[in-house]
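Trainee: sharing a model prediction with you, sequence too.
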Amino acid sequence: MIDFQSVYAQEMVSLSNVRTVNGPPRSIIVTGEDFRSVESVIINGDYAPEVVITKRTQLIAQVPSSQLVNRVQTVVVLNQKLTLSLKSSLKFRIGNKPGKATGVLKLSQKYLRVLMTTPGSDVFNPNLGGGLLNIIKSQFGIMDGSVALHNAVIAADTATRQVIALQSQNSRLPLDERLLSATVTEAQFDKSTGSILLTVEIESQAGRLAVANLGL
């Protein structure tokens, strides 16, 4: 069975300053590291409809209509470069021309899919899943952040063991698509948004590394 790419990892450009311009149209002026290969700008979680690169370290992005009355709180600038590293932002989507996932990208996609899966949702393998989405959907307050983080780390460990067990049944799987380890290197709970931020280092048996940054 062909494993189509559904996880897209894009490099986030480091930013140094963001300034709001009331317009019209309402826009932001962003200063950062290097904007020559920028593909998109995300403002408060929504894509900017227009982006103009004014120079290598500066761009102007129009604030999306859905955010016109809101204060600009988060700005993410994404490069065209696809990479799995500490600067990566992951998106789950099917592209206009979906390609075949191979190597460490296929491995990362497999691991993340199992990590997100809720146990009992797969009729062919009811025990499959780390249950991370279930943890996110569960109701917990600011004081329960440490509990949520603990459960998220357990979910990552469960997904690791399950993926290794599943792959052990396929002797033809290449080493760069076979999981050796998946380690949570950073776990934070954002009190202001009630979200969990995880950084997971995924290593294949071929020794290739990928870093997945998850904000849920």
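Mentor: Alright, I've got the coordinates. Because the structure is predicted, anything quoted here is derived from the model rather than measured.

Trainee: next helix or strand past the lowest-mean-pLDDT helix or strand in the chain?
Mentor: None of the helices or strands of the chain scores lower by mean pLDDT, DSSP states H and E than strand 88-92, at a mean of 50. Next helix or strand after strand 88-92 toward the C-terminus (DSSP states H and E): helix 103-116.

Trainee: what's that next one packed up against?
Mentor: When contacts are defined as 3 or more Cβ pairs under 8 Å, 6 or more residues apart in numbering; DSSP states H and E, helix 103-116 packs onto strand 7-12, helix 132-137, helix 145-167, strand 179-190, strand 195-204, strand 209-215. All C-beta spots, glycine's among them, are computed from the backbone N, C-alpha and C.

Trainee: including mean neighbour count, could these go into JSON lines?
Mentor: Shown next, in JSON lines, are the helices and strands packed on helix 103-116 (neighbours: other Cβ atoms under 10 Å):
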{"stretch": "strand 7-12", "mean neighbour count": "20"}
{"stretch": "helix 132-137", "mean neighbour count": "18"}
{"stretch": "helix 145-167", "mean neighbour count": "18"}
{"stretch": "strand 179-190", "mean neighbour count": "16"}
{"stretch": "strand 195-204", "mean neighbour count": "19"}
{"stretch": "strand 209-215", "mean neighbour count": "18"}
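
Trainee: looking at those, which is nearest to V76?
Mentor: Shortest distance between V76 and the helices and strands packed on helix 103-116, using Cβ to Cβ, is found for strand 7-12: 5.9 Å.

Trainee: just give me the lowest mean pLDDT stretch among the helices and strands packed on helix 103-116.
Mentor: In terms of mean pLDDT, the lowest-scoring of the helices and strands packed on helix 103-116 is strand 7-12 (a mean of 58).

Trainee: quick one: buried residues of the next helix or strand after that strand?
Mentor: Where DSSP H and E defines the elements, the next helix or strand beyond strand 7-12 is strand 15-21. Residues of strand 15-21 classed as buried by neighbour count (16 or more other Cβ atoms under 10 Å): V18.

Trainee: now find how far off-centre strand 15-21 is within its chain.
Mentor: Relative to its parent chain, strand 15-21 has a centroid offset of 23 Å by Cα atoms, centre = their mean, to the nearest Å.
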